[in-house]
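Asker: only geometry, no sequence info:
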């Protein structure tokens, strides 16, 4: 829109009509008179009148001029609107996430320089191969976890990945959660209208009698530093979870949030690493390990569920932009992610 003068005039006349300054049936001033009143050209007035007529605010009568149309309820509706736009207050910054921002931005510049047009291509359904490969290598190197890239699915945070699990396994199944558990887990499951089965926590994980006595199909656990209890499941309890999955032919959703910050020594083995029956769906995100604003996570599906994923969700688009995936892949492949984790762990020790 090169000339905005007519649009300004249109808005002024429109507002006068809405609040009743120009009443229904009233004749508007001629184009020349209106041009003199508002200090603009006749062409500008003509364009404003034309737009008002198109939208039904005025109507033209041959050899007579323009007349205001009746608009029922317009005055009341207009008066109910706020006089000014009220901007939201600035978002409060998150606490220091420990990420070296200059290194992240350096990685962004490197990716922009080297990848070019690749960054504007649509991401594959499961996520970009470059990121899935990087995560696979990182897990093998840093966590001792063997996950093939084809099993890794990229998503925009834990909540979206929880929903993906439900869509794969089905809403008709009963999903067990720790009691207490991270409230967002409960809200996602409840929001998708699935039946929940809370399992009481003991000093080293879910109580054995709860696992044995309550009927459920899927077990959602946070073995490392469960929130809000702070309980980390013992190795015997982890084997107990896996034993339940084998006997019941059920699935375990291992929510491994913040497990990178293990102290002291080597990381505790994940359920995924211990599993020999392909019954564990592993979920982790970068919101704790890198930054709360990093809305990226990943899921490792057992090989036997890949066909179900393709059948039920293969037509969906990946929810994480290609550009962000390439930057994170470079950050991981360049060793920056592991150095960041080691630095944060040293600070935690101190």
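Answerer: Arrived safely. Source: prediction; values computed, not measured. Numbering: from 1, shown residues only.
Asker: Confirm that residue 117 lies within a helix, as I assumed.
Answerer: Yes - assigned with DSSP: H, G, I helix; E, B strand; the rest coil, residue 117 falls within a helix.
Asker: Any figure for the gap between it and residue 285?
Answerer: Distance check for residue 117 against residue 285: by Cβ to Cβ, to the nearest Å, it reads 29 Å. Where you see a C-beta, it was placed from the backbone N, CA and C, and this is true even at glycine.
Asker: more neighbours, the two?
Answerer: Between residue 117 and residue 285, counted using other Cβ atoms under 10 Å, residue 285 has the larger neighbour count: 24 against 6.
Asker: What does that one show for phi and psi?
Answerer: phi -130, psi 170 (degrees, to the nearest 10).
Asker: Distance check, it against residue 166.
Answerer: According to Cβ to Cβ, residue 285 stands 17 Å off from residue 166.
Asker: Now do the SS call for the residue nearest to residue 308 when sequence neighbours are not counted.
Answerer: Spatial nearest neighbour of residue 308, excluding adjacent residues (Cβ to Cβ, 6 or more residues apart in numbering): residue 168 at 5.4 Å. Classification of residue 168 by three-state DSSP places it in helix.
Asker: The one 10 residues further on now?
Answerer: Secondary structure, three-state DSSP: residue 178 is strand.
Asker: and it, how many neighbours?
Answerer: Neighbours of residue 178 under the rule other Cβ under 10 Å: 26.
Asker: Next: residue 136.
Answerer: Residue 136 has 20 neighbouring residues, counting by other Cβ under 10 Å.
Asker: surely it meets residue 152?
Answerer: Yes - assessed by Cβ atoms under 8 Å, residue 136 is found in contact with residue 152 at 6.2 Å.
Asker: okay, and the common contacts of these two?
Answerer: By Cβ atoms under 8 Å, 6 or more residues apart in numbering, residue 136 and residue 152 have no common neighbours.
Asker: Kindly state the pLDDT recorded for the residue nearest to residue 308?
Answerer: Looking at residue 168, its pLDDT reads 96.
Asker: which element follows the helix or strand hosting residue 32 toward the C-terminus?
Answerer: Applying DSSP states H and E as the criterion places residue 32 in helix 31-38. Downstream of helix 31-38, the first helix or strand assigned by DSSP H and E is helix 42-54.
Asker: same for that next one, what does it pack against?
Answerer: Contacts defined by 3 or more Cβ pairs under 8 Å, 6 or more residues apart in numbering; DSSP states H and E place helix 42-54 against helix 5-19, helix 31-38, strand 58-61, strand 65-68.
Asker: Can you give me the neighbour number for the closest residue in space to residue 217 that isn't next to it in sequence?
Answerer: Spatial nearest neighbour of residue 217, chain neighbours left out: residue 173 (3.9 Å); criterion: Cβ to Cβ, 6+ apart. Look at residue 173: counted by other Cβ under 10 Å, it has 14 neighbours.
Asker: ok, residue 173 - contacts?
Answerer: Going by Cβ under 8 Å, 6+ apart, residue 173 touches 194, 195, 216, 217, 218.
Asker: got those residues as JSON lines, with pLDDT columns?
Answerer: Below are the contacts of residue 173 laid out as JSON lines (pLDDT from 0 to 100):
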{"residue": "194", "pLDDT": "93"}
{"residue": "195", "pLDDT": "94"}
{"residue": "216", "pLDDT": "95"}
{"residue": "217", "pLDDT": "95"}
{"residue": "218", "pLDDT": "96"}
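Asker: Alright, I will stop here.
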